[in-house]
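Enquirer: here is a sequence with its predicted model. Questions after.
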Amino acid sequence: MNSATEVKPQDTKDELMPVVQTWNLSKVYHTGFWMNQKLRSLNDCSFSVYKGETFGLLGPNGAGKTTLLKMLLGIVRPSTGRAVLLGYPVGNLSVKQKIGYLPENAYYYDYLTAWEFLEFVAGLFQIPKSVQKRRIPELIDLVGLAQKTAKKKQLRRYSKGMLQRVGMAQALINDPEVVFFDEPMSGLDPLGRYQVREIVLSLKEQGKTIFFNSHVLTDIEKICDRIAILARGDLFCVGSLEEILGRSDVYQVIVQGGTKEALEPWVSGIKEIEHTWHGQLTGNPHDFIEFLSTIDAQLLSLNRARASLEEYFVQQLRERGITSSQ
Ligand SMILES: Nc1ncnc2c1ncn2[C@@H]1O[C@H](COP(=O)(O)OP(=O)(O)OP(=O)(O)O)[C@@H](O)[C@H]1O
């Protein structure tokens, strides 16, 4: 038996059903004219993704995100280690029927209309025509394309945002249990990104498991239940945003007026700095403001105590001596 199979993923949660599990996945690419140069792209990555969760893999350019995702899809073979998808080794044919994939730079047959393209993809999955008739218009609605446009307009006339929606629809054509999105927001304007986020959230409501690669941290922060950071092939900080960043409803406050004794039931770690009170609010901000009016005090500032994912991410990379992308 491969020794890697004996190692448990770092973040095993026994009560939840793992959809993706990896043990010590590593990848070394052989490059150069004689293929004699070794490029280590992934080192000993062990993690799990659970049913129904949106999992975000984040990392700078060249971190190994696409390599890891392609390994899970069975497109790239690991040099060492093991991965299991829906209980089967990756690459298993019956599992391929249950997964959806939106590649980072998808190529579309651009003389087809969106409708024809989706019919083509449905044909690859051997989806019966009767099912296609129902599913294609449903998917076109889900991704927010107009039915008429989808039937009439060739893909070469689509904007980047519209193509990305078509890409999402093709990734969902087989009603997959797990969907892999590689940089689904890349190159989109703020409205396009918002719309893609909305689609991902509606998939989550349908109970789909979503694996999401991105370096746009604000998107990850808004939609992912759990994240992992990948940098220079090393995976670290696997967990929920709350586990990693702390609770989002904790605030730092600065108050003028009142007394330490009066504020203490509301503010922990209270300190006096230049005649104002500083500390961490333990209750609801609205109730606190009402309370302050009863003791003739004023709230000077209220800020979220938790760092943004971006601040945390940059700090983690700096601690590891990473100051630029590869
Ligand atoms: N087929 C390949 N042959 C050789 N090297 C490769 C191959 N694919 C990727 N690499 C290298 O492996 C490293 C990780 O690449 P990968 O595309 O997985 O990173 P990424 O995190 O997805 O980057 P990006 O955010 O820029 O898409 C890079 O140094 C890249 O040059």
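Expert: Perfect, I can see it now.
Enquirer: okay, CA-based contacts and neighbour counts for the rest of this
Expert: Fine.
Enquirer: is residue 258 in a helix, a strand, or coil?
Expert: Here residue 258 is coil, with the state taken from DSSP: H, G, I helix; E, B strand; the rest coil.
Enquirer: tell me if residue 26 really is in a strand.
Expert: Yes - counting by three-state DSSP, residue 26 is found in a strand.
Enquirer: my guess is it meets residue 64, correct?
Expert: No - applying Cα atoms under 8 Å, one finds residue 26 not in contact with residue 64, separated by 10.2 Å.
Enquirer: okay, and the common contacts of these two?
Expert: Residues within reach of residue 26 and of residue 64 at once, by Cα atoms under 8 Å, 6 or more residues apart in numbering, are 41-42.
Enquirer: count of neighbours near whichever residue of the stretch 101-250 of the chain sits closest to the ligand?
Expert: Going by Cα to the nearest ligand atom, the ligand is nearest to residue 215 of the stretch 101-250 of the chain, at 6.7 Å. Counted with other Cα atoms under 10 Å, the neighbours of residue 215 add up to 19.
Enquirer: that one contacts residue 63, doesn't it?
Expert: No - judged on Cα under 8 Å, residue 215 makes no contact with residue 63 at a distance of 10.0 Å.
Enquirer: which residues of this structure lie near the ligand?
Expert: Within the chain, the residues that sit near the ligand (Cα under 6 Å from any ligand atom) are 29, 31, 41, 60-67.
Enquirer: repeat that with 5 Å
Expert: Listed as neighbours of the ligand in the chain under the rule Cα under 5 Å from any ligand atom: 29, 41, 61-67.
Enquirer: where exactly do the strands run in the stretch 201-326 of the chain?
Expert: 209-214, 226-231, 234-240, 251-256, 267-273, 276-281, 298-304 (DSSP state E, counting those that start in this stretch).
Enquirer: and these, which is most packed in?
Expert: Ranked by mean neighbour count, the strands of the stretch 201-326 of the chain are led by strand 209-214 with a mean of 24 (mean count of other Cα atoms under 10 Å).
Enquirer: mind giving me the packing neighbours of that one?
Expert: strand 54-58, helix 65-72, strand 178-182 (3 or more Cα pairs under 8 Å, 6 or more residues apart in numbering; DSSP states H and E).
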